[in-house]
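I'd like to go over a predicted model; first the sequence, then the structure.
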Amino acid sequence: MRVGHELPALEIPITRTLIVAGAVASRDYQDVHHDAEAARAKGSPDIFMNILTTNGLVGRYITDHFGPGARLRAVKIRLGAPNYPGDTMVLTGTVTALAPDGTAEVRVVGANGLGHHVTGKVTVTVAAEDS
């Protein structure tokens, strides 16, 4: 691992099931995450993914890459374009900093057909045998 290392892209199909299941699993019962009519009444063309689901997908992306010894230390993300059903989000990452203790900072971007859905920075510590 080195600064500048690019993680392989991860494509995530955005389905209604993923959006609703993520909202329910994170106890986010806002109607815009499961009721298309309510979402449209509030100005959205359809239901959309909540930030907690996005946060979980970003964490999965990092731990899948760095392995079972990876420990997330911080996840700082910002949402942009919504994730609507029928789109695909592509997560990419670049190592931006490394510390001698095996801690890395990774810039993460999740893009969909509308633009950047999520941008942020993840700090992860990787056990020596996993890096």
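Good, I have the coordinates. Bear in mind the structure is a predicted one, so any value in this text is a computation, not a measurement. Residues are numbered from 1 along each chain as shown.

geometrically speaking, which residue is the centre of the protein?
Val58 (2.9 Å; CA atoms, centre = their mean).

nearest spatial neighbour of it, skipping sequence neighbours?
Val108 (5.6 Å; CB to CB, 6 or more residues apart in numbering). Placement of C-beta: from N, CA and C, glycine included.

for the one you found, give me its contacts.
By CB atoms under 8 Å, 6 or more residues apart in numbering, Val108 lies in contact with Val58, Tyr61, Ile62, Ile77, Leu91, Thr92, Gly93, Val118, Thr119, Gly120, Lys121, Val122.

give me phi/psi at the fourth one?
Put plainly, it is Ile77. As for Ile77, its main-chain torsions (degrees, to the nearest 10) stand at phi -130, psi 160.

try the first one
Dihedral pair for Val58: phi -60, psi -50, per degrees, to the nearest 10.

next up, phi/psi of Ala38, please.
When read as degrees, to the nearest 10, the backbone of Ala38 gives phi -70, psi -40.

what about it, neighbour count?
Ala38 has 14 neighbours, counted by other CB atoms under 10 Å.

pLDDT score for it?
The model reports Ala38 with a pLDDT of 97.

check contacts around it.
So Ala38 contacts Asp31, Val32 (CB under 8 Å, 6+ apart).

ditto for Ile47
Arg16, Ile19, Val20, Val32, His33, His34, Asp35, Ala36, Ala39, Tyr84, Pro85.
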